[in-house]
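A.B. asks: Provide a 3D model corresponding to the input given below.
(one chain, ligands or ions: 1)
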Amino acid sequence: MTVGARIAVIGGGYVGLPTAGVLAQFGHTVVCAERDEARFRALAEGRVPIVEDGLADLIAEVVAKGTLRFVRRAADAVRGAEFVFLCVATPEGDGGAADVTFVEDVATEIAGALDPGAIVVNKSTVPVGTAAAVERITGVTAVSNPEFLREGTAVRDSLHPDRVVVGADDLRAAQRVGELFSETGAPLIVTDKITAETIKYASNAFLATKLSFVNALAGLCESVGADIRDVVLGLGYDRRIGFDFLRPGPGWGGSCLPKDAAALVRIAEDAGYDFTLLRAAIDVNDESRERVVRKVVDAAGGRLSGRTVGVWGLAFKAGTDDRRMSPAVAIARRLVELGATVRAYDPTVPTGPGTVDLEGMVLCADPYDASRGAHAVALLTEWDELRDLDFSKVADLMASPTLVDARNLLDPDALRRAGFSYAGVGRS
Ligand code: UGA
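C.D. replies: Down below sits the predicted model:
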């Protein structure tokens, strides 16, 4: 086991911070570079600028132990480092392809400061072939070590991953990177760079397809009068299928699944393969969001102009403040477009003038305020606190008590008793 390795982590975001924290916890000495001034200042002052369960405690612990510190410039972080983890964003670029500008910029920036024996580790999700490009730019060995953590459970996922994948041409380099994570006890898969990069896309594309499958089934259930919750029970007990990623909802979102599905379609296309199955999964996802919009229109009496809609939840899922590619935001924006006055609440979104993605919405301090005068409420993110509301009070506040539960979070019978008409997903 490698203990006390000198590690640089470039990027202090949703992937970089848990990675840096966990590697520091394993006893390595970690320097994390965050170039955004406001984020860097927060981190240097001991504040964690994202909502992520357990992350603030982990970071505080390793900073106090002296195994993690923050710097602004990537070049400063990599001096003397044996391993350099690239954890920068690769947003969706033109035509669905991932934009690797940040990865290439960092590689260029650190090239002159790297020790000749350093290993650059690509954690960011990058198009197949990027590790080879990083190797060319930096002049040192590059390996692919894709990240499988989920936002909201990032610390747990990083401490206890299902597997560690390392792709490299140099077997010794791959083993050394794998050893950094030996404390996790997870199986280590060593392969070549291109295969490792493909594994990451394959995993996210499979999860996206599984979710689209269950969301399509939910649509079918609504048509034939079946109940998706029991269908999922019947499916999930088959161990070959399992229960994970079978919760129907308003469609899959976040900064990874949509971007990576689009990128893999594009990667396949560029390589001459038409990935029709994945394209269909993306289509079903668009349709899943639209089905929720239609339910809200119906719940509000067939039109939205001149109507008020309460929106509960804006984050792409519970447990995170991330709204990138959030189905909740996409649906709320559609409701605004269709003429509704949207009163929105999310525990991670402050009231006051919202950011540009929330333009045209009234941001409320709590779910009661969001339901004031509403002709329908749409529950779009599965925040636990929404289970325990006083629904009679909500009904009294609304113009007409109808609720569209896009996460199947609430108990329809209890709501009906409180005077609501209720529409879930995949259940009549
Ligand atoms: C996803 C993958 O799950 C991680 O393994 C991967 O490392 C990560 O992308 C990444 O590439 O960085 P994440 O985007 O954090 O993680 O979120 P998920 O928990 O996968 O949720 C994705 C979307 O699916 C959310 O909109 C969520 O609400 C939805 N979902 C998930 C459902 O609608 N039903 C489910 O049963 C599960």
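A.B. asks: Confirm for me that residue 62 is in contact with residue 27.
C.D. replies: No. Counting by CB atoms under 8 Å, residue 62 sits too far from residue 27 to count as a contact (9.8 Å). C-beta: built from backbone N, CA, C; applies to glycine.
A.B. asks: more crowded one of those two?
C.D. replies: residue 62 (23 against 15; other CB atoms under 10 Å).
A.B. asks: Which secondary structure element is home to the more buried one?
C.D. replies: helix 55-65 (DSSP states H and E).
A.B. asks: What residues sit buried inside the helix or strand following that helix?
C.D. replies: Counting by DSSP H and E, the next helix or strand C-terminal to helix 55-65 is strand 68-71. Across strand 68-71, burial judged by 16 or more other CB atoms under 10 Å covers 68, 69, 70, 71.
A.B. asks: Over to stretch 91-105?
C.D. replies: Buried residues in stretch 91-105, defined by neighbour count with 16+ other CB under 10 Å: 92, 93, 96, 97, 98, 99, 100, 102, 103, 104.
A.B. asks: what's the answer for stretch 207-220, then?
C.D. replies: Buried, per 16+ other CB under 10 Å, within stretch 207-220: 207-219.
A.B. asks: How much space separates the closest residue to residue 35 other than its chain neighbours from the ligand?
C.D. replies: Take residue 35 and drop its neighbours on the chain: the residue closest to it by CB to CB, 6 or more residues apart in numbering is residue 72, 6.0 Å away. Note on residue 72: its distance to the ligand, by CB to the nearest ligand atom, to the nearest Å, is 24 Å.
A.B. asks: ok, the residue most central in space within the chain to the ligand distance?
C.D. replies: Central residue of the chain (CA atoms, centre = their mean): residue 254, 4.1 Å from the mean position. Distance of residue 254 to the ligand, given as CB to the nearest ligand atom: 3 Å.
A.B. asks: What is the burial count for the residue lying closest to that residue once chain neighbours are set aside?
C.D. replies: Nearest residue to residue 254, sequence neighbours excluded (CB to CB, 6+ apart): residue 316, at 4.3 Å. Close neighbours of residue 316, defined as other CB under 10 Å, add up to 29.
A.B. asks: how about residue 316, what does it touch?
C.D. replies: 253, 254, 255, 322, 323, 324, 325, 326, 327, 328, 329, 381 (CB atoms under 8 Å, 6 or more residues apart in numbering).
A.B. asks: same check, this time on residue 293
C.D. replies: 331, 334, 335, 338.
A.B. asks: I'd guess it is in a helix, am I close?
C.D. replies: Yes. Under DSSP: H, G, I helix; E, B strand; the rest coil, residue 293 falls within a helix.
A.B. asks: Residue 166 falls within a helix, correct?
C.D. replies: No. If the criterion is three-state DSSP, then residue 166 is strand and not within a helix.
A.B. asks: So for it, what's the nearest residue that isn't a sequence neighbour?
C.D. replies: residue 174 (4.4 Å).
A.B. asks: what's the answer for residue 262, then?
C.D. replies: Leaving aside its sequence neighbours, residue 262 sits nearest to residue 96 (CB to CB, 6+ apart; 3.5 Å).
A.B. asks: How about residue 89?
C.D. replies: In space, residue 89 is closest to residue 102, 5.7 Å off (CB to CB, 6+ apart).
A.B. asks: can you tell me which residues contact that neighbour?
C.D. replies: 88, 89, 90, 124.
A.B. asks: what helix or strand is the second one on?
C.D. replies: Think residue 89. Using DSSP H and E, no helix or strand contains residue 89.
A.B. asks: Please list all residues in contact with the nearest residue to residue 37 once chain neighbours are set aside.
C.D. replies: Spatial nearest neighbour of residue 37, chain neighbours left out: residue 72 (7.7 Å); criterion: CB to CB, 6+ apart. Residue 72 makes contact with 33, 34, 35, 37, 40, according to CB under 8 Å, 6+ apart.
A.B. asks: Mind doing that once more with 10 Å?
C.D. replies: Residue 72 is in contact with 12, 33, 34, 35, 36, 37, 39, 40, 41, 43, 44, counting by CB atoms under 10 Å, 6 or more residues apart in numbering.
A.B. asks: Could you do residue 18 as well?
C.D. replies: 9, 50, 52, 54-55, 58-59, 87, 147, 149, 151, 153-159.
A.B. asks: So which bits of this structure are right by the ligand?
C.D. replies: 125, 147-151, 204, 207, 211, 245-247, 249, 252-254, 256-257, 316-317, 327 (CB under 6 Å from any ligand atom).
A.B. asks: Can you tell me which of the residues you listed are buried?
C.D. replies: Buried members of the residues of the chain next to the ligand, scored by 16+ other CB under 10 Å, are 125, 147-151, 204, 207, 211, 246-247, 249, 252-254, 256-257, 316-317, 327.
A.B. asks: Out of these, which sit inside strands?
C.D. replies: Of these, none are assigned to strands by DSSP state E.
A.B. asks: By proximity to the ligand, which residue of the stretch 301-428 of the chain wins?
C.D. replies: residue 317 (3.6 Å; CB to the nearest ligand atom).
A.B. asks: wait, that residue sits on residue 407?
C.D. replies: Yes. The pair residue 317 / residue 407 is scored as a contact, 9.2 Å apart, by CB atoms under 10 Å.
A.B. asks: Find the residues that touch each one of the two.
C.D. replies: 247, 249, 328, 381, 382, 383.
A.B. asks: Would you verify that the fifth one is located in a strand?
C.D. replies: No. Inclusion of residue 382 in a strand is not indicated when three-state DSSP is applied; the result is coil.
A.B. asks: My read is that it contacts residue 317, right?
C.D. replies: Yes. Residue 382 is within contact range of residue 317, at 6.9 Å (criterion: CB under 10 Å).
A.B. asks: what do those two both touch?
C.D. replies: 247, 249, 407.
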